[in-house]
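**Student:** Let's see this in three dimensions:
(chains A and B)
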Amino acid sequence: MTKSTFKVRLATAAAALMLSASAHAGEVNWWVSEPGRAKAQQLAAEFEKENPGITIKLQANPYGGLEGKVMIAVKSGIPPDIIEVQNSWIPSYQATGALEDVGATIGQSVPLSDFVPATLAACSVDGKIYGLPFQAEALAMLYRKDLFREAKLDPEKPPQTWDEMIEVSKKLTYTGPNGQRRYGYGIAGGGAEGQGNTLYRSLPYIWMNGGDILSADMKKSVLSSPEAVAGVKFYTDMYTSLKVAPPSTLENGGLELRRLFMAGTIAMYQGTPTELERFAQDAPNLDYGVAIMPHPKGKQTSALLGGWGFIVPKAGKNKAEAMKLLQFLAKPERLALYTRTFPTTTTAMNLPRFADPKLDAFKEMLKHARPQPPIGTWLEISSAYYKNIQEVLIGGASPQAAMAAADKAIEAILKKAN
Amino acid sequence: MSDAATAMVQTEASSKARRAQPEAAAPRGRLARYLAAHKDGPTFFILPAIALLATFIIYPIISTLIMSVTNGNGVFVGAQNYIDIIESDRTARATMNTVYFVGASIILQLILGTAAGIVLNEQFRGQAIVRALTLIPWVIPGIVGAMTWAWMFHTDYGVINYVLSSWGLIDEPVRWLTNPTIVLPALTAVNVWKMFPFVAIMVLAGLQSIPVSLYEAAKVDGATFRDEVIYITLPQLRPILASITLLLIIAGVNSITIIYAMTKGGPADRSLITSIQIFVEAFQYFNFNQASALSVLFFLVSTLFIVAHIWLDGRRKER
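**Tutor:** Model prediction:
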């Protein structure tokens, strides 16, 4: 091999390498989450068929650490063109103006009025829409009908109010015939995804009682208000004073609660619609019901809106193709196909896939669901809240004192951000 | 193939450069003259190493220092980040936890590791197997060990509480990872379990370098096993134990895997250590500036410890 032919080969190899590293024109880099992989592949194939000349490069990411991974990708300057994210992350990404306003694009494909308003609000910052919401859900109360019967309670009459909830939980807490300890109500207080899981399960109690974490203009903390403290007290009392929640409460997130529920250790907990699939798979004979969350007497129930959407980073290389894909995905039948719980438009919601009567309570909760406040520092704020919920649970402070401490910490975070 | 190719290209390029040298004008300036005079000397040979150091160590240190005195938009804010981070209640708690976690870990690791090393040095049947088994905690990945321990410690379905209650030793389940007074000792125990084999293997290596004649002489004088350990083994091991301690301090202050995987610093920061605090500030809240300030303080304090340790060790050797 002479030197000159060698050099030519080297140059060709280098050029080939560079080409494969950079995206081709007409290639859309699409990031989805791991559970969506199979359906995304199906949709990508359909899209490529409809749009010859555009290819989709799909990457499926696991849930763990996804929020940070997307943040780094968006800030890197060479992000993927379209990314599946939790809607509550959007404000922190948009804090540096990194996202494309997609409201008009979606509107050309589907009338925006077809969307459940709260789902669009969850993707919006300052009135502009930065994501296509495809999935929406709210937690409902899951309860074991067999354990209700054993405790001489009517399984068709789950608790409606806070007082009934306490009463029923007490009756469901006892030592079973085989020595198994049973607990009325499993609350989340820790675990691998403890912060998010605890927020979703405790914040609605503050809301239904008329309290909140931040004021409406998101300028100050209102956590130490009597309404908020009473909500926190109701939630944490289940473990600290009433002891109707299991001793492992500080290790329990959604996953652990589901396991305890299937084992019969807890009789009630707050779960997502995805749990029903898991029950069908892991415990097909489980005798359970789904109810709306109990509320203070004379007040409305409430829920924290969970959901996922697709964002388009401003720095993406193939904006036009990405927008085309977004419009393709926004069609009701595709939202209905891709969502793992409920879709975000009324048309999609009326499809037969969502007609199971077991889902009725979840649908009802969705009507009462509110998104998280669109503020860039929300993760840090909810972390301060979570830490102080744990403080109450370990007996380190009263709800009043802990929420005063959280209030102070959140004020400091708000001050720093301004 | 590609490595060889790069090397070839480099050789070719440098030989060209060398050929071109004499034609160049006489170098001006002190640095240029120095480089020209020493171009075949050590300076050139260490350049690649210096470049690597500069890229991967010096540049990050400088950029961390800069970030620690600026805000998110790169505007100079003086010591504000340092003041904020020192005033934070979390920092004080994390510091106390770090001191406890690292201190207790090192003491227990040294005691347990040295004992294990001495036992493993004795001749007995199955010695090779026992030596290999002892290494297991150190060999398996930290995250695997941590997750396994987290399951074993679980209040309701962990095997530890199950065994203790079936033996009648406890009535109520122990909240190993969520009781604020138990969580840090429990995590320390896992850390000791993870690292003591490392101490044992280092001690074992040290023991094998102790001349047998010392023990023979002691036996002649009627020394027991205990006497041998106290008057020969431990004094002979002192230099190696000193190095191990230094390594354990470094490993201890940087250890993040075990605690992060098992409790994430919870409940309510009761097991938060400084390295986790930095990680969370930087990569979860994206407060890179305060995280940098905390890193700089952390770096200074650990350097202080390490320098003190090396100095004490050097003085001991002189004596």
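
**Student:** The closest residue to A:Gly176 other than its chain neighbours: what secondary structure?
**Tutor:** Here the nearest residue to A:Gly176 in space, its sequence neighbours aside, is A:Arg182; by CB to CB, 6 or more residues apart in numbering or on different chains that works out to 5.3 Å. Where you see a C-beta, it was placed from the backbone N, CA and C, and this is true even at glycine. Three-state secondary structure (criterion: DSSP: H, G, I helix; E, B strand; the rest coil) places A:Arg182 in strand.

**Student:** who touches A:Arg182 in this structure?
**Tutor:** Under the criterion of CB atoms under 8 Å, 6 or more residues apart in numbering or on different chains, the neighbours of A:Arg182 are A:Leu147, A:Leu172, A:Thr173, A:Tyr174, A:Thr175, A:Gly176, A:Gly264, A:Thr265, A:Ile266, A:Ala267.

**Student:** With respect to chain B, which of those is nearest?
**Tutor:** Among these, A:Thr265 lies closest to chain B (CB to the nearest CB), at 6.5 Å.

**Student:** Phi first, then psi, for the closest one.
**Tutor:** The phi and psi values for A:Thr265, taken as degrees, to the nearest 10, are phi -70, psi -40.

**Student:** Looks to me like A:Pro52 is in a strand.
**Tutor:** No - following the definition three-state DSSP, A:Pro52 is coil and is not counted among the residues of a strand.

**Student:** Number of residues surrounding it?
**Tutor:** For A:Pro52, the number of neighbouring residues by other CB atoms under 10 Å in any protein chain shown comes to 8.

**Student:** and if you look at the one 4 residues further on?
**Tutor:** By the criterion of other CB under 10 Å, A:Ile56 has 20 neighbours.

**Student:** my read is it is in a strand, agree?
**Tutor:** Yes - checked against three-state DSSP, A:Ile56 lies within a strand.

**Student:** Could you say which of the contacts of A:Arg182 is surrounded by the most neighbours?
**Tutor:** Neighbour counts for the contacts of A:Arg182 peak at A:Ile266, which has 33 neighbours (criterion: other CB under 10 Å).

**Student:** give the contact list for the closest residue to that one other than its chain neighbours.
**Tutor:** Computed as CB to CB, 6+ apart, the closest residue to A:Ile266 that is not its neighbour in sequence is A:Gly186, at 3.6 Å. Shown in contact with A:Gly186 (CB under 8 Å, 6+ apart): A:Ala245, A:Pro246, A:Thr249, A:Asn252, A:Leu257, A:Leu260, A:Phe261, A:Thr265, A:Ile266, A:Met268, A:Tyr269.

**Student:** now swap in B:Phe299 and tell me
**Tutor:** Here B:Phe299 is in contact with no residues (criterion: CB under 8 Å, 6+ apart).

**Student:** Could you check how far the strand or helix carrying it is from the centre of its chain?
**Tutor:** Under DSSP states H and E, the secondary-structure element containing B:Phe299 is helix B:288-318. Helix B:288-318 sits 13 Å away from the centroid of its parent chain (CA atoms, centre = their mean, to the nearest Å).

**Student:** try stretch A:371-384
**Tutor:** In terms of CA atoms, centre = their mean, the centre of stretch A:371-384 is found 13 Å from the chain centre.

**Student:** what do you get for stretch A:211-220?
**Tutor:** Stretch A:211-220 has its C-alpha centroid displaced from the chain centroid by 21 Å (CA atoms, centre = their mean).

**Student:** Show me which residues of it are buried.
**Tutor:** In terms of neighbour count (16 or more other CB atoms under 10 Å in any protein chain shown), stretch A:211-220 has its buried residues at A:Gly211, A:Asp212, A:Ile213, A:Leu214, A:Met218.

**Student:** Of all the residues in the stretch 201-319 of chain B, which one is nearest chain A?
**Tutor:** Taking CB to the nearest CB, the stretch 201-319 of chain B has B:Ala268 as its residue nearest chain A, at 3.9 Å.

**Student:** Contact partners for that residue?
**Tutor:** For B:Ala268, the contacting residues are A:Lys387, A:Asn388, A:Gln390, A:Glu391, A:Leu393, A:Ile394, A:Gly396, B:Pro180, taking CB under 8 Å, 6+ apart as the criterion.

**Student:** which sections of the chain are below the confidence cut-off?
**Tutor:** Picking chain A for this. Residues of chain A that meet the criterion pLDDT under 70 lie in A:1-25, A:418.

**Student:** that's the wrong chain, I wanted chain B
**Tutor:** Low-confidence regions of chain B, defined here as pLDDT under 70, cover residues B:1-27, B:318-319.

**Student:** centroid residue for it?
**Tutor:** B:Ala251 (1.7 Å; CA atoms, centre = their mean).

**Student:** Leaving out sequence neighbours, find the closest residue to it.
**Tutor:** Distance criterion CB to CB, 6+ apart; nearest residue to B:Ala251, sequence neighbours excluded, is B:Met195 at 6.6 Å.

**Student:** can you pull the contacts of the nearest residue to A:Glu167 once chain neighbours are set aside?
**Tutor:** The shortest distance from A:Glu167 to any residue that is not its chain neighbour, by CB to CB, 6+ apart, is 7.4 Å, and that residue is A:Pro159. Residues near A:Pro159 by CB under 8 Å, 6+ apart: A:Met165, A:Glu167, A:Val168, A:Ser169, A:Ala291, A:Pro294.

**Student:** Quick check: the farthest pair among the residues you listed?
**Tutor:** A:Glu167 and A:Ala291 (15.0 Å; CB to CB).

**Student:** Look at those two and report which has more neighbours.
**Tutor:** Neighbours of A:Glu167 and A:Ala291, each counted by other CB under 10 Å, are more numerous for A:Ala291; the result is 19 against 14.

**Student:** ok, that one - contacts?
**Tutor:** A:Ala140, A:Met141, A:Tyr143, A:Pro158, A:Pro159, A:Ala361.

**Student:** For the contacts of A:Arg182, could you give me a markdown table that also reports secondary structure and distance to B:Ser292?
**Tutor:** Rendered in a markdown table, the data for the contacts of A:Arg182 read as follows (DSSP: H, G, I helix; E, B strand; the rest coil; distance: CB to CB, whole Å):
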| residue | secondary structure | distance to B:Ser292 |
| --- | --- | --- |
| A:Leu147 | helix | 53 |
| A:Leu172 | coil | 51 |
| A:Thr173 | coil | 49 |
| A:Tyr174 | strand | 54 |
| A:Thr175 | strand | 54 |
| A:Gly176 | coil | 54 |
| A:Gly264 | coil | 50 |
| A:Thr265 | coil | 45 |
| A:Ile266 | strand | 44 |
| A:Ala267 | strand | 49 |
